[in-house]
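Engineer: The following block contains a protein sequence and its predicted model.
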There are 2 protein chains.
Amino acid sequence: MRRLRLQLCVFRLKGRRSGKGSLAKETKNTLRDSVYSALKAMIVTGQIPPGSRVTENDIAAKLTVSRTPVREAFNRLERDGLVTGRPRQGYVVTEFDINMFREAFEIRELLDGHATELAATAATAQDKARLRAMLAECERLAAIPERTNREKFQELEVGIDLHRVIAEISGNVMLHNMLCGILDKCQHYVWTELLWLDEWKIARDEHAEIVDAICAGDAARAGTLARAHVRGSRDNVLRLLQAKSDYRNFLAKAS
Amino acid sequence: MRRLRLQLCVFRLKGRRSGKGSLAKETKNTLRDSVYSALKAMIVTGQIPPGSRVTENDIAAKLTVSRTPVREAFNRLERDGLVTGRPRQGYVVTEFDINMFREAFEIRELLDGHATELAATAATAQDKARLRAMLAECERLAAIPERTNREKFQELEVGIDLHRVIAEISGNVMLHNMLCGILDKCQHYVWTELLWLDEWKIARDEHAEIVDAICAGDAARAGTLARAHVRGSRDNVLRLLQAKSDYRNFLAKAS
DNA sequence: GCATGCTATTTTGTATACAATTTTGAGTGT
DNA sequence: ACACTCAAAATTGTATACAAAATAGCATGC
């Protein structure tokens, strides 16, 4: 059974402090929250790969805290679906499950579509500026020549954050929270499974169209575009997964 | 600030062991799970009223366990949105918030509608029998003459469970989980805020129509009915809340 | 050489002890 | 009578100790 070996953070996530060593008082919340954020960041970015077993002691030692806050963080992560734990067998980073991926996108089509409709009605001038700025940031990151995984990941993150922000603008807090939960999982999977493929590409044009519709206040069009975008993303991801699976089968047959 | 006084269970929830005294090995899972179930049942049924402050020590003492499993249960409950806790100020059973109620029903319209569509396609003969049995149970409970709150609550619970089962039949596990989370909250509110009103009535006929459509395999009709039913429930609840609010205002003005 | 059973280690589950912070309340001064 | 201060109590946050269970490794027997 693969055992976790915590690697140093390759890069920092904006906003979140991905803790290595003692997580100081940077985030002056409770330790539990800090551990939660740190672990979540490590999982979502694939630094702790899916399927790896994670023990409380290791994490506690790495982060130089006691097991208690680590346990509580694990509880929350389990609730998020990022780790799965059975009674006395510890926790495992949730493995990729193509069926769950399908389910997630099926729900996203509903929720994202609705959130985008609401956002088109509710967006203030400030909100619109914020969305446009995110698009610009995406463009900037995409235009960097010979970019590394770091830039690729940043582009992915901004692209997904765009949907989080749209959900926030919708004004329905519960909707926002639910979508964020789903997006965390998707991000985790996309990053760990797909980003290494050269063919990966964020649908920048689709994002731009959606933002345009929101800025124009055209709720119906924004919703339609968003739903189509989710379907497109799903198909794109499933296609890549298929290619990856084929490749693996090819390797297996060759050996 | 109101302090919690745990009351004895007035009646037991089917399936769940609502723990009073030491929660024995009935559920042979971990203590954390037992505490979680017990607390959740107490909150959902309003035995611990919204707004009451809940301290770890009280619960731990009542259930004769240490604070550790209680803390972990609180963490999960907070994640469910049934209690809200601020860093060093303990936990409070989430208070009723009419806006959150609106948000929940807005999302339910999407998710319940979709789940019902899926269920109409996916339901097996066994599933259909199960749904019909639940309807029959509802009828039976409704027909009891001079029924007490106990029967009223049971009818409510079966009526809500119907939606949980439909979501389960849909086959989309994530959808099922999300809907269950929302329904828990709604049940909690309906029970604590509205059930005392005589006008409260479950829409038995609407439920029957939905089940009929599912059994007929008519996905489109089932979905349409489900969405209309959710809207109807929302309007019904909001109307009752308005009446309650008016009543309170009347009392306040009179004094 | 392989399977089986036992022990030893690891790891989680629970309890308790301690620290830090917030709340409460009494007491004092105006 | 009211407000303010400070101390004591209560409560959560964290650490550690102990118990129970599961895993892993080794030895033994076939």
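Structural biologist: Received, thanks. Numbers count the residues shown, from 1 in each chain, chains lettered A, B, ... in the order given.

Engineer: Could I get the pLDDT score of the spatially most central residue of chain A?
Structural biologist: With distances taken as Cα atoms, centre = their mean, the residue of chain A nearest its centroid is A:Gln187 (2.5 Å). pLDDT for A:Gln187: 83.

Engineer: So which elements touch the longest helix along chain A?
Structural biologist: Across chain A, the helix with the greatest residue count (assigned by DSSP state H) is helix A:219-254. Judged by 3 or more Cβ pairs under 8 Å, 6 or more residues apart in numbering or on different chains; DSSP states H and E, the packing partners of helix A:219-254 are helix A:98-122, helix A:204-216. Just so you know, the C-beta spots here come from the backbone N, C-alpha and C atoms, and that holds for glycine as well.

Engineer: which secondary structure elements does the next helix or strand after the longest one contact?
Structural biologist: Think helix A:98-122. Downstream of helix A:98-122, the next assigned helix or strand under DSSP states H and E is helix A:125-143. Counting by 3+ Cβ pairs under 8 Å, 6+ apart, the packing neighbours recorded for helix A:125-143 are helix A:149-169, helix A:204-216.

Engineer: right, is the longest one up against chain B?
Structural biologist: What it means is helix A:149-169. No: Helix A:149-169 lies out of reach of chain B by Cβ under 8 Å from any Cβ of the partner chain, never closer than 11.4 Å.

Engineer: Now stretch A:131-138: buried residues?
Structural biologist: Applying a neighbour-count criterion of 16 or more other Cβ atoms under 10 Å in any protein chain shown, one finds A:131, A:134-135, A:137-138 buried in stretch A:131-138.

Engineer: Could you report the neighbour count for the closest residue to DNA strand D within the stretch 51-200 of chain A?
Structural biologist: Closest residue of the stretch 51-200 of chain A to DNA strand D, Cβ to the nearest atom of the strand: A:Ser66 (3.2 Å). Per other Cβ atoms under 10 Å in any protein chain shown, the neighbour tally for A:Ser66 reads 11.

Engineer: in the helix-or-strand element of chain A with minimal mean pLDDT, what's buried?
Structural biologist: Least confident helix or strand of chain A, by mean pLDDT, DSSP states H and E, is helix A:219-254 with a mean of 88. Within helix A:219-254, the residues that count as buried by 16+ other Cβ under 10 Å are A:219, A:221-227, A:229-230, A:233-234, A:236-237, A:240-241.

Engineer: ok, the residues you listed vs DNA strand C, which is closest?
Structural biologist: Minimum distance to DNA strand C across the buried residues of helix A:219-254 is 29.8 Å, recorded for A:Leu241 (Cβ to the nearest atom of the strand).

Engineer: Contacts only, for A:Met134.
Structural biologist: A:Met134 makes contacts with A:158, A:161-162, A:165, as judged by Cβ atoms under 8 Å, 6 or more residues apart in numbering or on different chains.

Engineer: Quick check: it vs B:Ala73, distance?
Structural biologist: 39 Å (Cβ to Cβ, to the nearest Å).

Engineer: Likewise for A:Tyr247?
Structural biologist: 45 Å.

Engineer: repeat for A:Phe250
Structural biologist: A:Phe250 is 49 Å from B:Ala73, by Cβ to Cβ.

Engineer: Just put the contacts of A:Met134 in a markdown table and tack on distance to A:Thr55, neighbour count and pLDDT.
Structural biologist: Output for these, formatted as a markdown table (distance: Cβ to Cβ, whole Å; neighbours: other Cβ atoms under 10 Å in any protein chain shown; pLDDT from 0 to 100):
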| residue | distance to A:Thr55 | neighbour count | pLDDT |
| --- | --- | --- | --- |
| A:Val158 | 34 | 23 | 92 |
| A:Asp161 | 32 | 19 | 94 |
| A:Leu162 | 36 | 20 | 96 |
| A:Val165 | 36 | 17 | 98 |
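
Engineer: show me which of those neighbour DNA strand D.
Structural biologist: Filtering the contacts of A:Met134 for neighbours of DNA strand D using Cβ under 7 Å from any atom of the strand leaves an empty set.

Engineer: Among those residues, which one sits closest to B:Met100?
Structural biologist: A:Val165 (21.0 Å; Cβ to Cβ).

Engineer: May I ask you to confirm that the closest one is in contact with A:Ala129?
Structural biologist: No: contact between A:Val165 and A:Ala129 fails when scored by Cβ atoms under 8 Å: they sit 11.5 Å apart.

Engineer: hang on, the earlier thing: touching, the residue of the stretch 51-200 of chain A closest to DNA strand D and A:Ala60? I think so.
Structural biologist: Yes: contact criterion Cβ under 8 Å: A:Ser66 and A:Ala60 qualify, at 6.0 Å.

Engineer: shared neighbours of these two, which are they?
Structural biologist: Contact with both A:Ser66 and A:Ala60 is made by no residue, according to Cβ under 8 Å, 6+ apart.

Engineer: could you point out where the stretch 51-200 of chain A is predicted with low confidence?
Structural biologist: A:195-200 (pLDDT under 70).

Engineer: How about the residues of it by chain B?
Structural biologist: Contact residues (Cβ under 8 Å from any Cβ) of the stretch 51-200 of chain A with chain B: A:68, A:71-72, A:75-76, A:79-80, A:87, A:100, A:103-104, A:106-107, A:110-111, A:114, A:172-175, A:178, A:182.

Engineer: just the buried members of these?
Structural biologist: Listed as buried from those are A:68, A:71-72, A:75-76, A:79-80, A:100, A:103-104, A:106-107, A:110-111, A:114, A:172, A:174-175, A:178, A:182; burial here means 16+ other Cβ under 10 Å.

Engineer: Can you get me the start-to-end distance on stretch A:135-150?
Structural biologist: One end of stretch A:135-150 to the other measures 18 Å (Cα to Cα, to the nearest Å).

Engineer: Quick check: buried residues in that stretch?
Structural biologist: Applying 16+ other Cβ under 10 Å to stretch A:135-150 flags A:135, A:137-138, A:141-142 as buried.

Engineer: From the chain's centroid, how far away is that stretch?
Structural biologist: Relative to the chain's own centre, stretch A:135-150 is displaced by 18 Å; criterion: Cα atoms, centre = their mean, to the nearest Å.

Engineer: Kindly report the same for stretch A:93-101.
Structural biologist: Worked out by Cα atoms, centre = their mean, stretch A:93-101 lies 13 Å from the chain centre.

Engineer: same deal with stretch A:91-100?
Structural biologist: With Cα atoms, centre = their mean, you get 14 Å for stretch A:91-100.

Engineer: Now it: buried residues?
Structural biologist: For stretch A:91-100, by 16+ other Cβ under 10 Å, it's A:91-94, A:96, A:100.

Engineer: and what of stretch A:175-194?
Structural biologist: Neighbour-count burial for stretch A:175-194 [16+ other Cβ under 10 Å]: A:175-176, A:178-194.
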